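J.: okay, sequence plus prediction incoming.
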Amino acid sequence: MKNLLYIGNKLSKHGVTPTTIETLGPLLEQEGFNVWYSSSQKNQLLRFAAMLWSVLKHRNVDYVLIDTYSTANFWYAFAISQLCRLLRLKYIPILHGGNLPFRLMKNPKICKMIFRHSFQNVGPSLFLIDQFKGYGYDNVIHMPNAIELEKYAFLERKKAAPHLLWVRSFAKIYNPILAVEVFAILKKKYPEATLCMVGPEKDGSLLETQQRAAALNVEVNFTGKLSKQDWIDLSQQYSVFINTTHFDNMPVSVIEAMSLGLAVVSTDVGGIPFLVENEKEALLVPDNDVDKMVEAIEKLIENSDLFYKVTSNARNKVQQFKWHDVKLKWLTILE
C-alpha cells in the first residue's frame, strides 16, 4: 500500500470552492492509497508553514503530490519541491494554473528547479502539455481532471431558453462582470431571461459584480457558494453555461456543465480550445467580448439543431473524464 502526501489549498471549510486536493485525494484513497493532506490553514503564511512541516513530518511517504498554480501559490510549489529534493522525495507537480506559461517565460530558472527534477509532471490540460513541451519539458504527461460521471445526471433539453448559469469563484481573473453585461443585453431581447451566478467571494469581485448589475438595472441571482449537489440540482433550471474567464486551464465546472446537458459558451482562452471545439462541443468567443458572447447565446436559442448538437457532443466528450478511466493512469504512475 502506497503512502502519499498531497500538498494544496484544502480550504472548502472556509467557504472556498473545493480544488483538486479535495476531489482527487479521496478518489485515490478509494483505490487503497494512504493520503495525508496539507493544508487547510486559512492564513497564507500559516498554510505555507504547515505545508513545509508536513513534508518533514511525512518524509517517508512514497510520493508527494503538489497542486501547482501560476499566481501566489506558485511559490508554495517551488518551496515544497526544493524541500522534497533536499529530502530525496519523489514529487509530482499537478499543473493547474492557466497562466503557467507566463511563469515558464518569466521565471525559467526557477521553473527548471521545480519541473526538471520532479518524478513526473502531470497536466490535466493538453494546452499546458503543449506549452511545457514547447519549453523543452518532456517529463510531462496528460492526466485529465476526473469526475464521478454517475453523479451528473444528463438532462436532455429540446431547445435553449435564455436562462444562464455561471459557476466560479468571484475573482477578477474569471471576469464575472462580463456575465452581467451579457445578461443585460440579452434581457432587452428576451425579457424572460435569467442569470444565476454561483460561487464564493475571492478578491472583492462579488461586490463589483453586484454593483454593475445594479447600475445596469438587471436582477441577478447571486447564490454564494453552494454544495456540489445543490448547484447540480439548480442547473436543471438553466440551459446555457457561460464561462467568462480571462485565463483558464481545464476548468472542472465546464466539464460538469457539459455532463449535465448545459450548452457551454466560453471565452476562447488558455486550455479551453484544447478541451472543446467551437460549434462542436461548445461555442467559443474572444476574451471579454460582450457582443460576441451575446451573439453566441442567441445562436443557441434560435437554432435548436445547433443546441442539440453541442450538448450531445459535449456529453460524449466528457466520457474521457470518468474516474474509472483516469484512475488507471494514476495507478500506472504511482504503483
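T.: Structure's in. What do you need?
J.: residues in contact with the most centrally placed residue in the chain?
T.: Nearest residue to the geometric centre of the chain (CA atoms, centre = their mean): residue 251, 2.6 Å. Neighbouring residues of residue 251 by CB atoms under 8 Å, 6 or more residues apart in numbering: 168, 243, 245, 272. The way it works is simple: take the backbone N, C-alpha and C, and place the C-beta from them, glycine included.
J.: what's the closest of the residues you listed to residue 260?
T.: The shortest approach to residue 260 among those belongs to residue 243, at 13.8 Å (CB to CB).
J.: which one of the contacts of residue 251 is nearest residue 302?
T.: Set against residue 302, the nearest of the contacts of residue 251 by CB to CB is residue 243 (20.8 Å).
J.: distance of the nearest residue to that closest one once chain neighbours are set aside from residue 334?
T.: Leaving aside its sequence neighbours, residue 243 sits nearest to residue 266 (CB to CB, 6 or more residues apart in numbering; 3.7 Å). Here residue 266 is placed at a distance of 32 Å from residue 334 (CB to CB, to the nearest Å).
J.: which one of the two is surrounded by more residues?
T.: Taking other CB atoms under 10 Å, residue 266 and residue 334 do not tie; residue 266 has more neighbours (25 against 19).
J.: I figured that one hits residue 278, correct?
T.: No. Using CB atoms under 8 Å, residue 266 is not in contact with residue 278; the gap is 9.5 Å.
J.: what sits in contact with each of those two?
T.: residue 284.
J.: what's the burial count for residue 333?
T.: Neighbour count of residue 333, defined by other CB under 10 Å: 13.
J.: what about the closest residue to it other than its chain neighbours, neighbour count?
T.: Closest residue in space to residue 333, ignoring its immediate chain neighbours: residue 120 at 5.8 Å, by CB to CB, 6+ apart. Here the count is done by other CB under 10 Å, and residue 120 has 16 residues near it.
J.: do the same with residue 3
T.: By the measure other CB under 10 Å, the count of residues near residue 3 is 13.
J.: show me where the stretch 1-150 of the chain has helices.
T.: Taking DSSP state H, counting those that start in this stretch as the criterion, the stretch 1-150 of the chain carries its helices at 24-30, 44-57, 74-86, 100-106, 108-115, 126-134.
J.: which residues are in contact with the second one?
T.: Looking back up the chat, that one is helix 44-57. So helix 44-57 is contacted by 5, 7, 9, 36, 38-41, 64, 72, 76, 79-80, 83-84, 87, 89 (CB under 8 Å, 6+ apart).
J.: how about the helix or strand hosting residue 180: buried residues?
T.: Secondary structure assigned from DSSP states H and E places residue 180 in helix 176-189. For helix 176-189, a neighbour-count test (16 or more other CB atoms under 10 Å) marks 176-187 as buried.
J.: summarise which helices and strands the helix or strand following it is packed against.
T.: Sequence order places strand 194-198 as the next helix or strand after helix 176-189, per DSSP H and E. Applying 3 or more CB pairs under 8 Å, 6 or more residues apart in numbering; DSSP states H and E, we find strand 194-198 packed against strand 163-167, helix 176-189, strand 221-224, helix 228-234.
J.: the ones you listed: which one's closest to residue 305?
T.: strand 163-167 (19.4 Å).
J.: strand partners (parallel or antiparallel) of that closest one?
T.: When sheet partners are counted by DSSP bridges, strand 163-167 sits next to strand 194-198 (parallel), strand 240-243 (parallel).
J.: next, the angle from it to helix 176-189.
T.: Computed by axes from the mean of the first three to the mean of the last three CA atoms, to 10 degrees, the angle separating strand 163-167 from helix 176-189 equals 180 degrees.
J.: neighbouring contacts of strand 163-167?
T.: By CB under 8 Å, 6+ apart, strand 163-167 touches 176, 179, 182-183, 186, 193-199, 231, 234-235, 237-244, 253, 256-257, 262, 297.
J.: let me see the ranges of the helices in the stretch 201-335 of the chain.
T.: With DSSP H, counting those that start in this stretch as the criterion, the stretch 201-335 of the chain has helices spanning 205-215, 228-234, 252-259, 272-275, 290-302, 304-317, 323-334.
J.: will you turn those into JSON lines that also has mean pLDDT and distance to residue 144?
T.: Shown next, in JSON lines, are those (pLDDT from 0 to 100; distance: least, CB to CB, whole Å):
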{"stretch": "helix 205-215", "mean pLDDT": "98", "distance to residue 144": "28"}
{"stretch": "helix 228-234", "mean pLDDT": "94", "distance to residue 144": "18"}
{"stretch": "helix 252-259", "mean pLDDT": "96", "distance to residue 144": "9"}
{"stretch": "helix 272-275", "mean pLDDT": "93", "distance to residue 144": "9"}
{"stretch": "helix 290-302", "mean pLDDT": "98", "distance to residue 144": "25"}
{"stretch": "helix 304-317", "mean pLDDT": "97", "distance to residue 144": "11"}
{"stretch": "helix 323-334", "mean pLDDT": "93", "distance to residue 144": "6"}
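J.: this completes my enquiry, with thanks.
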